[in-house]
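Chemist: Prediction below, plus the sequence it came from.
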Amino acid sequence: MSNVETEPTESHGTTSADSDRDARAPRVDVLAPRDVLLGGPRAMKVRRTLPQRARTLIGAWCFVDHYGPDDVADTGGMDVAPHPHTGLQTVSWLFSGEIEHRDSLGSHALVRPGELNLMTGGHGISHSEVSTARTTILHGVQLWVALPGRHRHAARDFHHYVPAPVRITGADIRVFMGALAGAVSPVPTFTPLLGAEVLLAPRATVTLAVDPAFEHGLLVDHGLVRIADILLQPGELGCTDTGSHTLTLANESDDTARTILLGGTPFDEQIVMWWNFIGRSHEEIVRAREDWQNASDRFGVVEGYDGDRLPAPALPNAVIAPRGNPSRR
């Protein structure tokens, strides 16, 4: 998915600050979503929770867009023309609907509910994303992973994976990256990561064993879910720092709650993130933009898309500064 914000507005997440809470419970910071239009005459609206001023990364996860459920008869669905990426992996995960993916590696795949599409941009790739004619309700998440410096110029790559559901008391879990609840995803990552869809039964409480070296983020799609002592509303992203061996999730609603659990070791490199590029300096971003505008071989060509590719927006009238997470408290 393309990030069309050239000068994104940033908002502060709210922080759990109850001094009387159990000292053993992890601290939870809550990031509220902001609405972003993807552009076009019938712009598709998404809810963006990462990045924000309060937090840039959860592990190497650097971008969280959450959209739907949208009736495509009203919204027009998704039609994102060919656009470039550098220095990142894109992770596509649907709850309903179907999206046609084409990229300059030659991949032509369908994104379907419960199926992972993972694309590595590395030094440069381009792709398009279009909801299919079979889609009536479009609903899902688009996630980005920042590549570490030594791998940020990696070769283009694409993987499709269908994780089998793991059923435990009170929850169904699909692990699309990393490992959780005994399930291990085979897709390659460049830093230790976790990505999983967790469905919680009505009024269920589940305690999951997690890697204490990981930061974690829980995005609530549907339901009211408590993580530690903090209740998350639909669309909110609850973030915890390292140090927890377990995470306890409680569904406070009478319906099945759907969540996305993300995790990873702290990504201690600062990144420059602008439009669809991730680099380490302003000059690196300028060079990537010029290469895209000049149709260089760096990004290749997307075959089969009916329309023109997206032009890059104008650069801001300032040097784009590197960013990491605020200092941990």
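Modeler: Cool, got the structure. Computed from a predicted structure; not experimentally measured. Numbering: from 1, shown residues only.
Chemist: Where does the prediction get shaky in the stretch 201-329 of the chain?
Modeler: Across the stretch 201-329 of the chain, the ranges flagged by pLDDT under 70 are 327-329.
Chemist: Going along the chain, name the helices of it.
Modeler: Secondary structure of the stretch 201-329 of the chain (DSSP state H, counting those that start in this stretch): helices at 282-293.
Chemist: Quick one: the strands in it, in order.
Modeler: Ranges of strands in the stretch 201-329 of the chain, per DSSP state E, counting those that start in this stretch, are 205-209, 215-222, 225-227, 230-232, 237-240, 246-251, 257-264, 272-274, 277-279.
Chemist: what about residue 223, distance to residue 234?
Modeler: Going from residue 223 to residue 234 by Cβ to Cβ, to the nearest Å gives 7 Å. All C-beta spots, glycine's among them, are computed from the backbone N, C-alpha and C.
Chemist: Residue 82 too?
Modeler: Look at residue 82 and residue 234: by Cβ to Cβ, they are 32 Å apart.
Chemist: more crowded one of those two?
Modeler: Neighbour count, other Cβ atoms under 10 Å: between residue 82 and residue 234, residue 82 has more, with 23 against 18.
Chemist: residues contacting that one?
Modeler: 102, 104, 126, 127, 128, 302, 305, 309, 310 (Cβ atoms under 8 Å, 6 or more residues apart in numbering).
Chemist: Just give me how far stretch 202-215 sits from the chain centre.
Modeler: Relative to its chain's centre, stretch 202-215 lies at 19 Å (Cα atoms, centre = their mean, to the nearest Å).
Chemist: now stretch 133-142
Modeler: On Cα atoms, centre = their mean, the centre of stretch 133-142 falls 16 Å from that of its chain.
Chemist: before we move on, what about stretch 27-43?
Modeler: The answer for stretch 27-43 is 12 Å, by Cα atoms, centre = their mean.
Chemist: beta partners for the residue most central in space within the chain?
Modeler: Centroid-nearest residue in the chain: residue 143, 1.8 Å away (criterion: Cα atoms, centre = their mean). Counting by DSSP bridges, residue 143 forms beta bridges with residue 64, residue 91.
Chemist: Would you agree it is in contact with residue 90?
Modeler: Yes. In this structure, residue 143 is within contact of residue 90 by Cβ atoms under 8 Å, at 7.4 Å.
Chemist: Give me the neighbour count for the nearest residue to residue 204 once chain neighbours are set aside.
Modeler: Spatial nearest neighbour of residue 204, excluding adjacent residues (Cβ to Cβ, 6 or more residues apart in numbering): residue 170 at 3.3 Å. For residue 170, the neighbour count with other Cβ under 10 Å is 17.
Chemist: swap in residue 100?
Modeler: A count of neighbours around residue 100, defined by other Cβ under 10 Å, yields 18.
Chemist: That one - that's part of a strand, no?
Modeler: Yes. Looking at residue 100 with DSSP: H, G, I helix; E, B strand; the rest coil, it is inside a strand.
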